[in-house]
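Trainee: attaching a predicted model along with its sequence, questions to come.
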Amino acid sequence: MPHDARFRQAVILESDRMAPKPKSTPLESPAAPPEELTGTVENIVYRSEDTGYTVCALAIPNRKDTITVVGHCAAVWAGEMLRTRGHWVRHKQHGMQFQADQMECIVPTSAYGIERFLASGMIRGIGKVMAKRIVARFDKDTLCIIEKDSGRLEEVEGLGPKRRLMIKESWIEQKAVRDIMIFLQGHGVGTGQSARIYRQYGAQSIGIITENPYRLCTDVWGIGFKTADRVAMSMGIPPHSAVRSRAGLAYVLLTLTEEGHCFCTAPELVLQAQALLDIPAEILQVALNHEVSEARLILDDNRIYLPDLYQAETSIATKLAELRRTATAFRPIVADKAVPWAEEQVNITFDTRQAEALHMALTEKVSIITGGPGVGKTTIIRALVDIYGKRGLKVCLAAPTGRAAKRMEEATHHGASTIHRLLKFMPRDGSFEHDAANPVQGDVFILDEMSMVDALLMAHFLRALPNGAVLVLVGDIDQLPSVGPGNVLRDLIQSEQIACVKLEHIFRQARGGLIVQNAHHINNGEYIETADSDDESDFYFFEAREPELVIQRVVDLVTSRIPHKFSFDPLADIQVLTPMRKNQLGADNLNALLQEALNPNGPNVQRFGRIYRERDRVMQIRNNYDKEVYNGDVGLIQEVGVDNQTLIVNFDGRGVPYEFSELDELVHAYACTIHKAQGSEYPAVVLLIATQHFKLLQRNLIYTAVTRARKLVCLVGSSKAVTMAIHNNEMRLRRTGLAQRLVEQMRGIARTGSGATTAREV
């Protein structure tokens, strides 16, 4: 059966299983005893990594045809022996199937079964050819040799010490993962999550989870409180227990930080935890007081913080005050002479606001330059680099993302780096080499894309700055705020304690110039200007109200019209942006359709419900400091290695390896959400704005999307939805205390809040 047909059948079977009325009919009375079948797994038709739901073809001894077995199993590979217990059913569309209530995997004993088992791709270093060679050499003793005498594997042609070590390590890991999968499946955890847990805890996984299952939601990326709570309940932890109450309070706070907040008021925290846990408020109040007394939560003027965010806010305010009060480590620059000199260097005349911004940055210890696209922010940075460089001072340029740093470097012709690289992040313990005790060497620090910098990263950055340095912060206050907690740029400006100039005059207007003009129209609440599709322009609007028509337009633009008219490479140059990840017009569905249109064939691997194929465009969705790849980085898959279970992604010319078990960190990036595109810039952007996105339609969202494009914007959707977004300027306020703390620090006002205390109850 062709792969696509098998997959369609599997999807139908899965949907049938979830339907209220099953489409399969038992062939015997429900009271009849279950039947047992044992055979070899010929192939996996479908498998859900999240639930363990499996459809497989089973070869039964003395039976000519394979049978279809449907059920749930913690882990199963082709070639394994499978012992099943259940009943025969007749599916209306797919005929006879064996519905297994129990599925137990047995290590294969026949040479044929062992070869199929090893060739399934479960063991790194063994593909189909090598599996045949190994079994030909060791026959039925093969698995025993791998486990107990792996040195003998080098007797096989083409198998050296390096591969032998890879095979042995992978064998040990797979056995451990399977044990964990079986253990966790009994507590309602899917197999995909089990692999993440193993990566976090290794061989100690079962012991750690047994001791405190709530650690899962704080330690393991991608596992939330509900999963950890389900495990805890199945282990017998009482619903009203102290450990559950404390974990629930921490989870509510953590959820709020993911929405951008830095704190929550004590009464609201208890109310939200009560709704989540169904625990009486009195019990939660006792738990909250205990967490404050143990300094696991911080109480400050009836605000409850997670400790790291409390420390981040206080240290940002303290450090900025110190920077302002400390003299520069170098002789001051005479701004009245430096500004005309800089004009000569770049052969332009600064307008009044630009000259004011440059003068401010040369005379203030800490300053902010803000403004939209095309207003000259980069010109000011370049002038500052020239002026300070002429004096022989060390200028450090940094940005929160690799792409933003690269753009900064290209625009200024001066080295720039990410903040993490500047501070020399150390993945092993999650700390930075440069901190208050070991500051970064430099005289002037210019930090771009400040709207993306959250409170935690800003705190680390400031701690590592020498007090005698000059700090210039550059960013667009009207863009979406940082993904992480806090609203640093807006808070600093609103505090009115840091010198700030907003640039407004538009300079950057290429031919047509509608991208920049429309960005400012949007920011001012005005409707956009568009061009006819036959005109030469950099901004087009395509009216499409029905989701099917929107999708058709998008696929046509990306695959045909834009490449033909503008010679853009669909894989490298065109980015589709949408407000949401889910639903018909969300990034997930668009990625599946665009992958099929742009890259339908080639070597691939299927994991976590996705097909990863060579030449696919993919995005990293979490910071991985070991690989030096960060949330939002985009690359192309250059190799899918089935034998070593490794996939290579090219990120800006650097090949980064991923084991197949790590592919949940990658999603397809033909389309992505606007939030994920922050800090990036693309030659061409295809932007979807439809009424289906009404919950997210805001001015700063569409503004951020339009300003991601360098040469072309094609806006697809309904004019009604675009109007809704432009007119909706209601900011979702984030709960932060930074502006207040900065005012108090600058004015020398002592805090009267309690901080972490054991003497005061909430």
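Mentor: Nice, thanks for sending it over.
Trainee: what separates stretch 332-350 from the chain centre, distance-wise?
Mentor: Centroid separation for stretch 332-350 versus its chain: 42 Å, with C-alpha atoms, centre = their mean, to the nearest Å.
Trainee: just stretch 39-53 next, same as before
Mentor: On the basis of C-alpha atoms, centre = their mean, stretch 39-53 sits 28 Å off its chain's mean C-alpha point.
Trainee: could I have it exported to PDB, CA atoms only?
Mentor: Provided in PDB are the C-alpha atoms of stretch 39-53 (Å, rounded to 0.1, in the frame of the first residue of the first chain):
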ATOM      1  CA  GLY A  39       3.500 -12.100  15.600                       C
ATOM      2  CA  THR A  40       6.200  -9.900  14.000                       C
ATOM      3  CA  VAL A  41       5.600  -6.300  13.300                       C
ATOM      4  CA  GLU A  42       6.000  -6.000   9.500                       C
ATOM      5  CA  ASN A  43       5.600  -2.200   9.400                       C
ATOM      6  CA  ILE A  44       4.100   0.700  11.400                       C
ATOM      7  CA  VAL A  45       1.100   2.200   9.400                       C
ATOM      8  CA  TYR A  46       0.500   5.000  11.800                       C
ATOM      9  CA  ARG A  47       1.700   6.000  15.200                       C
ATOM     10  CA  SER A  48       0.900   9.000  17.500                       C
ATOM     11  CA  GLU A  49       3.900  10.100  19.500                       C
ATOM     12  CA  ASP A  50       1.600  11.900  22.000                       C
ATOM     13  CA  THR A  51      -0.800   9.100  22.800                       C
ATOM     14  CA  GLY A  52       0.900   5.900  21.700                       C
ATOM     15  CA  TYR A  53      -2.000   5.100  19.400                       C
END
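Trainee: show me the helices in the stretch 51-200 of the chain, by range?
Mentor: Secondary structure of the stretch 51-200 of the chain by DSSP state H, counting those that start in this stretch: the helices cover 111-119, 128-138, 142-148, 161-185, 191-201.
Trainee: reformat these as TSV; add mean pLDDT, distance to residue 221 and mean neighbour count.
Mentor: C-betas here are computed from N, CA, C, even on glycine. Formatted as TSV, those follow (pLDDT from 0 to 100; distance: least, C-beta to C-beta, whole Å; neighbours: other C-beta atoms under 10 Å):
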stretch	mean pLDDT	distance to residue 221	mean neighbour count
helix 111-119	82	31	21
helix 128-138	92	33	18
helix 142-148	90	31	16
helix 161-185	83	16	18
helix 191-201	77	7	21
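Trainee: in a markdown table: these, plus distance to residue 634.
Mentor: Formatted as a markdown table, the helices of the stretch 51-200 of the chain follow (distance: least, C-beta to C-beta, whole Å):
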| stretch | distance to residue 634 |
| --- | --- |
| helix 111-119 | 34 |
| helix 128-138 | 33 |
| helix 142-148 | 39 |
| helix 161-185 | 29 |
| helix 191-201 | 23 |
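Trainee: and residue 408, which of those is closest to it?
Mentor: Among these, the nearest to residue 408 by C-beta to C-beta is helix 191-201 (33.8 Å).
Trainee: what lies in contact with that closest one?
Mentor: Defining contact as C-beta atoms under 8 Å, 6 or more residues apart in numbering, one finds that helix 191-201 is touched by 49-50, 52, 74-75, 173, 176-177, 180-181, 184-185, 189, 205, 208-209, 216, 219-223, 227, 608, 661-662, 664.
Trainee: next helix or strand past it?
Mentor: As assigned by DSSP states H and E, the chain's next helix or strand after helix 191-201 is helix 205-211.
Trainee: for that next one, the distance to its chain's centre please.
Mentor: Distance, centroid of helix 205-211 to centroid of chain: 27 Å (C-alpha atoms, centre = their mean).
Trainee: now do stretch 387-405
Mentor: On C-alpha atoms, centre = their mean, the centre of stretch 387-405 falls 27 Å from the chain's centre.
Trainee: and it, how far apart are its ends?
Mentor: 20 Å (C-alpha to C-alpha, to the nearest Å).
Trainee: sweet, I'm off.
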